[in-house]
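[1] prediction below, plus the sequence it came from.
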2 protein chains.
Amino acid sequence: MENWVRMSEKGRHAVRLARAFLAAIAEPPAPALAGFVARHGACRAVEVIQRGKAPPDVLAEIEARYQHVSAEELLAATEAAGAQLVVPEEPDWPGGAVENLTGAREVGLPEIAEPIALWVRGRASLAAVLDQAVSVVGARAASGYGEHVAAEFGHGLANAGFTVVSGAAYGIDGAAHRGALAAGGRTVAFLACGVDIDYPAGHSRLLRAVAEQGAVVSEYPPGTAPRKHRFLVRNRLIAAAGRATVVVEAGARSGAGNTANTADALGRPVLAVPGPVTAKNSVGCHGMVRSGQAVLVTSVEQVMEVISPLGVPGPVEVVGTHRRTDGLHPRAQRLHDSLRGAAGASAEELARDCGLPLGEVRALLPELELSGFAVRTDRGWSIAR
Amino acid sequence: MENWVRMSEKGRHAVRLARAFLAAIAEPPAPALAGFVARHGACRAVEVIQRGKAPPDVLAEIEARYQHVSAEELLAATEAAGAQLVVPEEPDWPGGAVENLTGAREVGLPEIAEPIALWVRGRASLAAVLDQAVSVVGARAASGYGEHVAAEFGHGLANAGFTVVSGAAYGIDGAAHRGALAAGGRTVAFLACGVDIDYPAGHSRLLRAVAEQGAVVSEYPPGTAPRKHRFLVRNRLIAAAGRATVVVEAGARSGAGNTANTADALGRPVLAVPGPVTAKNSVGCHGMVRSGQAVLVTSVEQVMEVISPLGVPGPVEVVGTHRRTDGLHPRAQRLHDSLRGAAGASAEELARDCGLPLGEVRALLPELELSGFAVRTDRGWSIAR
């Protein structure tokens, strides 16, 4: 992987073109393609595919589409939608939030693969906005009680400095986003369609507001329509992006239950809000608590006890998570994210890339080295693997 | 202990007089007095006390009252109230339900002692009615939701053959009793005052109905007024009488929480019904679930899964309980209860006492012997200790 920090704009454009192409030629999740790209790099993977030399398992995933995709058109559509493509090679890639998803496959969930690229509407840095996030999900046909609680939780979590992640659906999702927006906080919506499509249509104003105070994100190229199975596939990103997933109202069989299962499989705590036993909308939440999958929570404070035992956002030890960088201070994580794209960069280059003062970067780098996150080589600083 | 079955009516009356006296001279719980009576028997204990020879710890408990109590007057008041005194010496004593309370002391609860006698309004056999019981408790200032759920649980448990035990208070208690009554089932109210006092006054009709379909019970002599501390003392009997205690709505600090702590300490499962997180009335229930003290339940079926894993009342293995006789068939338990009062009785005497057909008693006795509950001696059948 080339050093993103020192890469020319032309080189970065080539990577984006390659990733846009790869993200569009297979229906996510595409585990064979994702593995192929991880082994060869995006540009080389495209070369092999275009020469007709893709291995059979990859070919099976891409053959329906790969001769019909134009990366240039995709990037033009992305620009036209006021969106941008974020790729794993760049520092703004939210690695901690959307990688290491394979744990979910091990417990028998359907195929899981990391996204090949993400389309983003919004001006915030995706890595920064997903740095300390909590997912809030639940029923579309929510009750007034459920929407009230979701809005309270969205508001309280945003006030406490957490980004509220959800899926922009009617009901609980929308209420959670709105609560975060009302608090002037950050919120991210993961869509099951292209970011150029306002779905549901009644939430187009909400989506605009989410993009302004956070980000509207999708692994689906612009123009992709929402389909039922895409919601389940999208749910894994919501489950992965939160340090915990809070379920506010869920029926006996629900999409929120699917998100909760995935969060659980990924080692993220699942928290469920109880409700009246007379309401069908709380059956799923009560079931998760009874089975031991979820911890019962009744307040934002109880959510924070789980994700931030010291009671403040900041260095966080998440119960059962697998993210090595969870213990890092947010600014150290920002530098760490810059290191991800660099194979031998100077402190000056890293400071420019992550936007932290040079003096702070010079102080943080030895700390990251000591804690095993960074290595210093002849050619400069790199991420420790 | 003399053989109750073969005891003369005069002998039985003497025991009742002694127990009435002992129950009235100390404020329950009176652990020193209870231990003294257990060691010496009721009649001998009274003799020693009346000769002024009670040991100092017993004297400390009784000195305020023992010279002012007339057992004859108490029994007259009992009869006048249409009540009866039930004593541990007789087969109708619900040993499994109100004995072995010391576990609660071990975990730091206030003083615990078994009741010295019980006053009962109602025609049912107390041992039979408490044979398979579930306690349902909760807030006095219950919500409409809470009362609805308590009535549903009372109705469902009674329908399934369980006796619903509660405290006759306004709110959850009353709704649970009413639900059981509406199902034509059995229900028992433990009072914190004499059974001749309708407390709360607004529940006098309810108490009459409870006495008709079950029993109104108290360890306090007739004429004893309700006092705040007596509710806490009474709660231990509610906790002990149920195979499990279901908490329907409880505030942050509540009498129901006290009953739940006691049930937990006694090894009885505590089950809590969730509710809206916006309601103060459910704070206690949610707290019990979060701390692991209670299992969340949303239906009568889920209560039955805990107390009756095979799904039917009958031979029941209660999780964490200490009652040896829980595994016995209800009719075998009835015979076992008769054996409790007999030191060497014939099958005929036992059949008369417990009301089971002689043939059945003859068949059950060797079974009880085999399973270690009964012994056959030269003088007849006795309970195995």
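    It's in.
[2] from now on I want contacts and neighbour counts done on CA atoms only, so please keep to that.
    Will do.
[3] so how many other residues sit close to A:Leu328?
    A:Leu328 is flanked by 18 other residues according to other C-alpha atoms under 10 Å in any protein chain shown.
[4] any idea how far it is from chain B?
    29 Å (C-alpha to the nearest C-alpha, to the nearest Å).
[5] against A:Leu365, how distant is that residue?
    12 Å (C-alpha to C-alpha, to the nearest Å).
[6] A:Trp119 too?
    Distance, A:Trp119 to A:Leu365, by C-alpha to C-alpha: 31 Å.
[7] ok, A:Ser135 next?
    31 Å.
[8] which of the two has more residues huddled nearby?
    Comparing A:Ser135 with A:Leu365 by other C-alpha under 10 Å, the one with more neighbours is A:Ser135, at 33 against 22.
[9] now for that one: which residues touch it?
    Shown in contact with A:Ser135 (C-alpha atoms under 8 Å, 6 or more residues apart in numbering or on different chains): A:164-166, A:238-239, A:241-246.
[10] rerun at 6 Å
    A:Ser135 makes contact with A:164-166, A:242, A:245, according to C-alpha atoms under 6 Å, 6 or more residues apart in numbering or on different chains.
[11] kindly report the same for A:Leu339.
    With the criterion set at C-alpha under 6 Å, 6+ apart, A:Leu339 makes contact with A:382-383.
[12] check A:Ser382 too.
    A:339, A:342-344, A:374-375.
[13] that one falls within a strand, correct?
    Yes. Applying DSSP: H, G, I helix; E, B strand; the rest coil, one finds A:Ser382 inside a strand.
[14] could you report the pLDDT at it?
    Note for A:Ser382: predicted pLDDT of 87.
[15] show me the beta-bridge partners of it.
    Note on A:Ser382: beta-bridge partners by DSSP bridges are A:Ala343, A:Val375.
[16] how close does it get to A:Ala42?
    Applying C-alpha to C-alpha to A:Ser382 and A:Ala42 gives a distance of 20 Å.
[17] following the chain past the helix or strand of chain A with the lowest mean pLDDT, name the next helix or strand.
    Using mean pLDDT, DSSP states H and E, the weakest-scoring helix or strand in chain A turns out to be helix A:103-106, at a mean of 62. As assigned by DSSP states H and E, the chain's next helix or strand after helix A:103-106 is strand A:118-121.
[18] for that following strand, which helices and strands make contact with it?
    Judged by 3 or more C-alpha pairs under 6 Å, 6 or more residues apart in numbering or on different chains; DSSP states H and E, the packing partners of strand A:118-121 are strand A:83-86, strand A:214-218.
[19] quick one, strands of chain A?
    Using DSSP state E, the strands assigned to chain A run over residues A:83-86, A:118-121, A:133-138, A:163-166, A:187-190, A:214-218, A:245-248, A:270-273, A:294-296, A:343-345, A:374-377, A:380-383.
[20] who does the longest one pair up with?
    Strand A:133-138 sits in its sheet next to strand A:163-166 (parallel), strand A:245-248 (parallel), going by DSSP bridges.
[21] ok, how many other residues are close to the closest residue in space to A:Ala30 that isn't next to it in sequence?
    Spatial nearest neighbour of A:Ala30, chain neighbours left out: A:Ala113 (6.1 Å); criterion: C-alpha to C-alpha, 6 or more residues apart in numbering or on different chains. A:Ala113 has 23 neighbouring residues, counting by other C-alpha under 10 Å.
[22] for A:Ala113, give me the pLDDT.
    With respect to pLDDT, A:Ala113 has a value of 87.
[23] coming back round to it: which of the strands of chain A sits closest to B:Leu85?
    For B:Leu85, the closest of the strands of chain A is strand A:294-296, at 45.6 Å, according to C-alpha to C-alpha.
[24] pull the residues that contact the closest one.
    A:270-273, A:288-289.
[25] try it again at 10 Å.
    A:245-247, A:260-261, A:264, A:269-274, A:285-290, A:302-303, A:306, B:274, B:286-287, B:289-291, B:296 (C-alpha atoms under 10 Å, 6 or more residues apart in numbering or on different chains).
[26] and the average pLDDT for that strand is what?
    97.
[27] now that strand: buried residues?
    A:294-296 (16 or more other C-alpha atoms under 10 Å in any protein chain shown).
[28] same check, this time on stretch A:192-204
    A:192-199.
[29] ok, now stretch A:119-131?
    Within stretch A:119-131, the residues that qualify as buried are A:119-122, A:124-131, counting by 16+ other C-alpha under 10 Å.
[30] what about the closest residue to A:Gly255 other than its chain neighbours, neighbour count?
    Closest residue to A:Gly255 in three dimensions, ignoring its sequence neighbours and counting by C-alpha to C-alpha, 6+ apart: A:Leu232, at 7.0 Å. Burial of A:Leu232 is recorded as 17 neighbouring residues (other C-alpha under 10 Å).
[31] correct me, but A:Leu232 touches A:Asn261?
    No. Under the criterion of C-alpha atoms under 10 Å, A:Leu232 is not in contact with A:Asn261, lying 11.1 Å apart.
[32] who in chain A is up against chain B?
    With C-alpha under 10 Å from any C-alpha of the partner chain as the criterion, chain A meets chain B at residues A:145-146, A:148-149, A:273-279, A:282-283, A:286-287, A:289-291, A:295-299, A:302.
[33] of those, buried ones?
    For these, a burial check counting by 16+ other C-alpha under 10 Å picks out A:145-146, A:148-149, A:273-277, A:282-283, A:286-287, A:289-290, A:295-299, A:302.
[34] now A:Gln293: how far from chain B?
    13 Å.
[35] please enumerate the shared neighbours of A:Leu232 and A:Asn261.
    A:Gly255.
[36] and A:Asn261, how many neighbours?
    The number of residues packed near A:Asn261 is 23, by other C-alpha under 10 Å.
[37] what of A:Pro88?
    Neighbour count for A:Pro88, taken as other C-alpha under 10 Å: 21.
[38] gap between the closest residue in space to it that isn't next to it in sequence and A:Glu219?
    Distance criterion C-alpha to C-alpha, 6+ apart; nearest residue to A:Pro88, sequence neighbours excluded, is A:Ala117 at 6.8 Å. Taking C-alpha to C-alpha as the measure, A:Ala117 falls 6 Å from A:Glu219.
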